[in-house]
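Visitor: Please work out how this folds:
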Amino acid sequence: MINRAAGDVIVKISLDDGVLDDSRELYDTDVTTTGGFVFENRKLKSGKQPLRFDILGANPKAIQSFMVGIDDVRWVPQDR
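Guide: Predicted structure coming up:
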């Protein structure tokens, strides 16, 4: 889950070398949460895999502080 707030940005979310979400808007007038994300058909390898948040810009209405607030990261296996 990621915070959404007045100073937040637009991000690209990547894991290892693959893009999970190419543009996620995080601006909101109140502090809220995105809720959980589901990235289907993604296989995790053993070992280190960097989770990356690239700032792409900001909503023109946002306070231009360029922040990202990450609340929680969970990897949950899908039912087979």
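Visitor: Tell me what the most centrally placed residue in the chain is bridged to.
Guide: The centre of the chain sits closest to residue 13, judged by CA atoms, centre = their mean, with a distance of 5.2 Å. Under the criterion DSSP bridges, residue 13 forms beta bridges with residue 21, residue 53.
Visitor: thought residue 10 was touching residue 58?
Guide: Yes: counting by CB atoms under 8 Å, residue 58 is a contact partner of residue 10 at 6.5 Å. Any C-beta I mention is one placed from the backbone N, CA and C, and that applies to glycine too.
Visitor: Give the intersection of the neighbour lists for these two.
Guide: residue 27 (CB atoms under 8 Å, 6 or more residues apart in numbering).
Visitor: measure the residue nearest to the centre of the chain to residue 79 for me?
Guide: In this structure, residue 13 lies at 23 Å from residue 79, with CB to CB, to the nearest Å as the measure.
Visitor: which residues of this protein score low on pLDDT?
Guide: Applying pLDDT under 70 to the chain flags the ranges 80.
Visitor: which residues of it fall in strands?
Guide: Defined through DSSP state E, the strands belonging to the chain, from first to last, are 3-4, 10-15, 18-25, 32-33, 51-57.
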